[in-house]
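**Q** for reference, the sequence and a predicted model appear below.
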Amino acid sequence: MGKKFETIAVRTRIKQTPEKENSSPLFLTSGFTFDNAEHMRAAFTDEVEANIYSRFSNPSVKEFEDKMALLEGTDAAYATATGMAAVFASFMAFLKAGDHVVSARAIFGSTHTLITKYLPKWGIEHSYFPAEGWSASPRESLRTGGDGSNLHGIEKLIRKNTKMIFVETPSNPGLEIFDLESIGKIAKRHKLIYHVDNCFATPYLQQPVKYGADIITHSATKFIDGQGRVLGGAVCGKKELIKEIYLFCRNTGPALSPFHAWILSKSLETLAVRMDRHCDNALKLAEHLSKHNEIGTVNYPFLASHPQYKTAKKQMKAGGGVITFTIKSSPKDESRKADGYERAKKFMDALDMISLSANLGDTRTIATHPASSTHSKLSEAEKKAAGITPGLIRVSVGLEHIDDIIDDIEIALKSSKK
Ligand SMILES: Cc1ncc(COP(=O)(O)O)c(C=O)c1O
C-alpha cells in the first residue's frame, strides 16, 4: 500500500550524504563541477544526468519538487521563484499568438493583470466566465444553479483557437468554488489544457489531478511555507508538460532559490497538521461571525450558507484557512449610504493582534482589504464582477488560539462602531 499524505510529506527526501544527516542538507551553490571535460559535454547534451547550474536544477530544489509532485499526485513538478512565476510560465510555455484562454473571472489580481494586460500584447486572447446568466453575487449564483461554474456558459465561450481553461478554486479573495470535476469534463471534451491554481486549498485539501487537471500551479509563499518567510511557487503535472515548463524556465530564469526550496520542503512536513488547525480556526471564526449582529455577510466554503457549499464539500477535505466578511455600517457612520468602506477601514485600524498585511497562509492571522490593496488594479466593474465590494475584509486565519483571534476581532468591531 502506498504511503499516506503525511508520511510522504515528511519522508520524501534526496539521497542522504555520507555524513548520514537526518535533516536534508542545504545545497547553497550556483554551479556544480564535472569529473572531466567529457563529463561536462555529456551533461550538456543530456547523455548523463547531472546538475549543471542552479538555474536548471539543484538537489534542494529537487527535493521540494519531488514532494510537490507526490503530494499533488502528478508525475513531475517544477519549482519557481514565486507563485506568479509558476502561473506565468504555465501560460507562456503552452500558448502562442492566436491562441485563446477561457478563464474564471474570479482570480488573483496579478493573474488578472497577466491575462488582460500582457497576454493580449502577445496576441493571446481570453474570455472570462461568468458568462451569460451567471452572476458573481452569491445570491444570484444560487438562482442560476449555484455550483459557481455555469457549465453551459463555459462551453459557449470555447472557440476553435481555445487552448487552455484556467480556474482558481477557492478563488482569491471571493472564495468562489468551481466544480473541478465538471470543468475537467469540459476540458477533456474540447481537448483543452486544464490549468488549476490550487494555492488556497493546497494538495492536502484538494487534488485537482483527480478531476483531470493537466497543470496545477501553486504560490508556495502561502500555506506551503505557512510561516510568512519566503516566496516560492510550483507547477505540477504530467512529465511531458513539466518538461516544457522546465525548458521555458531554464531559459528565462525564474528559478527557485535553493535556500527557499530547503525551507519549503521542511514546511511541507507540517502542512497537514497546520492545515487542519487553519481550517478548524477558520470554520469557528466563520460560524461565530455568521451569528454576529454587527456582521453583514460571511463567506466561507464550509458554511452551509456558501452558494457552492455542496461543491466545496464534494471536492475539499475542509474549507481552507481564509474567510471574507463585511461589517454593517453603524448608525453614526456617514458612509452608511455609501459602501461600507469607512467601517471596514475603522475596523482594520482598530485591530491590535491581527496583522494588516497583503500575504496570507501565515501562522499569524492577517486582515486585508482587497479593494484597496491586492485587487486595487481592477476597475470598479471588474471588482464588482469578482465580488470585491468596498466593505469586504479578507482574513487569513492563523494558528493563534481561536479565542484570542475572536477577542481581537470583537474589540475592533466594538471600537469601529464609535
Ligand atoms: C491564488 C493565488 N495565485 C497566485 C498568487 C501569486 O503568488 P506569489 O505572491 O507567490 O507570486 C497568489 C498570491 O496571493 C494567489 O493568492
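**A** Noted; the coordinates are in hand.

**Q** could you check how far residue 377 is from the ligand?
**A** 13 Å (CB to the nearest ligand atom, to the nearest Å). For the C-beta atoms, the positions are set from N, CA and C on the backbone; glycine is no exception.

**Q** host element of that residue?
**A** For residue 377, there is no host helix or strand (DSSP states H and E).

**Q** what's around it, how many residues?
**A** 13 (other CB atoms under 10 Å).

**Q** test my guess that it contacts residue 116.
**A** No: Residue 377 is beyond contact range of residue 116, at 9.7 Å (criterion: CB atoms under 8 Å).

**Q** give the helix, strand or coil label for residue 78.
**A** strand (DSSP: H, G, I helix; E, B strand; the rest coil).

**Q** which residues does it contact?
**A** Going by CB atoms under 8 Å, 6 or more residues apart in numbering, residue 78 touches 65, 89, 234-235, 242, 245-246, 249.

**Q** which residue does the stretch 1-150 of the chain have closest to the ligand?
**A** residue 83 (2.4 Å; CB to the nearest ligand atom).

**Q** which helix or strand contains residue 199?
**A** Applying DSSP H and E, one finds residue 199 in no helix or strand.

**Q** burial check on it, number of neighbours?
**A** For residue 199, using other CB under 10 Å, the count is 28.

**Q** bridge partners for the closest residue to it other than its chain neighbours, pull those for me.
**A** Distances taken as CB to CB, 6 or more residues apart in numbering put residue 219 closest to residue 199, at 4.5 Å, once the chain neighbours are dropped. Beta bridges link residue 219 to residue 233, judged by DSSP bridges.

**Q** I'd say residue 219 and residue 80 touch.
**A** No: counting by CB under 8 Å, residue 219 does not reach residue 80; the two are 9.6 Å apart.

**Q** list the residues that contact both of the two?
**A** 86, 232-233.

**Q** same for the lengthiest helix in the chain, what does it pack against?
**A** Scanning the chain for the longest helix, with DSSP state H as the assignment, gives helix 271-290. Here helix 271-290 touches helix 5-11, helix 202-205, strand 295-299, strand 322-327, helix 402-415, going by 3 or more CB pairs under 8 Å, 6 or more residues apart in numbering; DSSP states H and E.

**Q** mind doing that once more with 10 Å?
**A** helix 5-11, helix 59-72, helix 202-205, strand 295-299, strand 322-327, strand 393-396, helix 402-415 (3 or more CB pairs under 10 Å, 6 or more residues apart in numbering; DSSP states H and E).

**Q** next, the angle helix 59-72 makes with that helix.
**A** 60 degrees (axes from the mean of the first three to the mean of the last three CA atoms, to 10 degrees).

**Q** in helix 271-290, what counts as buried?
**A** 271-272, 274-275, 277-283, 285-286, 288-290 (16 or more other CB atoms under 10 Å).
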